[in-house]
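In: this one's structure only:
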């Protein structure tokens, strides 16, 4: 009997949510070292972030996903990593979860295979202090399988959309001077990566 994706998704997602939010009450195969286990146990009841974005990557290797983002966002760390096996009635198969923190923001990673794809309806804005920082993140995200888009938008190698924007950009497009606003907005439409000098 063929099992559709949506037949096992409810069970699948319940297992994921329980594993990500309450590690103290669930037995899992934790691949972190003993030091990480002790830290996790100590902090298991401490709420750090009220709302955590969960990213479903089209792979079953959550650690590889985290390693990729930590190679780009230097101020980050992996906080948890777990491996699971779906029960036979839920379709079987292995998947992994992880929790990472980059630039002070916590993300949950669900590495469960190619069932869903990212699209531009969800993106993350990187507020950059200057052009040099824009160049760094743009190059890091668009190389190694990433993709340039338009108006400061790009995709990383997993297909996740990012907006790489210098903070000064917002003062230009929201300027009280209509000429400044018009020039910034008009020239934005001509760009892929945001280049501040061409907007002023």
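Out: Cool, the structure landed. Remember, predicted model here, so these are calculated numbers, not experimental data.
In: Can you tell me the number of residues neighbouring residue 118?
Out: Neighbour count of residue 118, defined by other C-beta atoms under 10 Å: 17. Quick note: C-beta positions are derived from backbone N, CA and C, even for glycine.
In: how about the helices in the chain?
Out: Ranges of helices within the chain are 5-21, 34-43, 62-72, 131-142, 168-173, 178-188, based on DSSP state H.
In: residue contacts, the most centrally placed residue in the chain?
Out: Taking C-alpha atoms, centre = their mean, the centroid of the chain lies closest to residue 55, which sits 5.6 Å from it. Taking C-beta atoms under 8 Å, 6 or more residues apart in numbering, we find residue 55 in contact with 65, 107, 108, 109, 110, 158, 160.
In: let's see 7 Å
Out: With contact taken as C-beta atoms under 7 Å, 6 or more residues apart in numbering, residue 55 is in contact with 107, 109, 110, 160.
In: can you pull up the bridge partners for residue 161?
Out: The partner list for residue 161 in beta bridges (DSSP bridges) reads residue 123, residue 155.
In: so who does it touch?
Out: 118, 120, 122, 123, 153, 155.
In: Closest one to residue 48 out of the residues you listed, please.
Out: Lowest distance from residue 48 to the contacts of residue 161 (C-beta to C-beta) belongs to residue 122, with 21.6 Å.
In: Relative to residue 117, how far out is the closest residue to that closest one other than its chain neighbours?
Out: Distance criterion C-beta to C-beta, 6 or more residues apart in numbering; nearest residue to residue 122, sequence neighbours excluded, is residue 161 at 7.0 Å. With distances taken as C-beta to C-beta, to the nearest Å, residue 161 is found 11 Å from residue 117.
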